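K.L.:
Test case, fold it:
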Amino acid sequence: MGMNYYSTKVKCEYCNNIEYLHIGKKSVGWRFVFKSHPDKGIVSYRDWIRYLHDAKISYETNEEIEHEKFFNIVEKSLSEPRVASHDSVAHFSCDFPFMEVEFC
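P.N.:
Presented below is the predicted three-dimensional model:
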């Protein structure tokens, strides 16, 4: 069982331009896997922290999650024994795997 997480950020209040990005996925027994977005400058854990500062975070069910709870889930996953396969991982940042291709 796994859960995908997404961000929602208002890019322009006047034209209602909203950006939705796939943050990543946490599966039971596995370390959190991040989705990188090189076109947005998001290729590391620190980039995600900065980006999410003024964004909403939600589960794949569209239910919003508090930032503190999300980052606790992410940080706690560092103790998980399983890590995504090196064949599917583009790179690692702060011991978290990052994938450039879309996944679910």
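K.L.:
what about Lys25, neighbour count?
P.N.:
When neighbours are defined as other Cβ atoms under 10 Å, Lys25 has 19 of them. The C-beta positions use only the backbone N, C-alpha and C, and glycine is treated the same way.
K.L.:
Phe34 versus that one, what's the distance?
P.N.:
9 Å (Cβ to Cβ, to the nearest Å).
K.L.:
how far out from the middle of the chain is the longest helix that the chain contains?
P.N.:
When the chain is parsed with DSSP state H, its longest helix is helix 67-76. Centre-to-centre, helix 67-76 and its host chain are 11 Å apart (Cα atoms, centre = their mean, to the nearest Å).
K.L.:
what's next to it, contact-wise?
P.N.:
Taking contacts as Cβ atoms under 8 Å, 6 or more residues apart in numbering, the residues outside helix 67-76 that touch it are Tyr5, Lys26, Phe32, Ile49, Leu52, Ile57, Phe96.
K.L.:
If any of those are buried, put those into a PyMOL selection.
P.N.:
One line in PyMOL is enough to select the buried ones among the contacts of helix 67-76; burial here means 16 or more other Cβ atoms under 10 Å:
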select buried, resi 5+26+32+52+57+96
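K.L.:
which one of the contacts of helix 67-76 sits closest to Ile18?
P.N.:
For those, the residue nearest Ile18 by Cβ to Cβ is Ile57; the value is 14.0 Å.
K.L.:
show me what contacts the closest one?
P.N.:
Tyr5, Tyr6, Ser7, Ile23, Glu64, Ile65, Glu66, His67, Phe70.
K.L.:
Out of the residues you listed, which end up buried?
P.N.:
Here, 16+ other Cβ under 10 Å leaves Tyr5, Tyr6, Ser7, Ile23, Phe70 buried among the contacts of Ile57.
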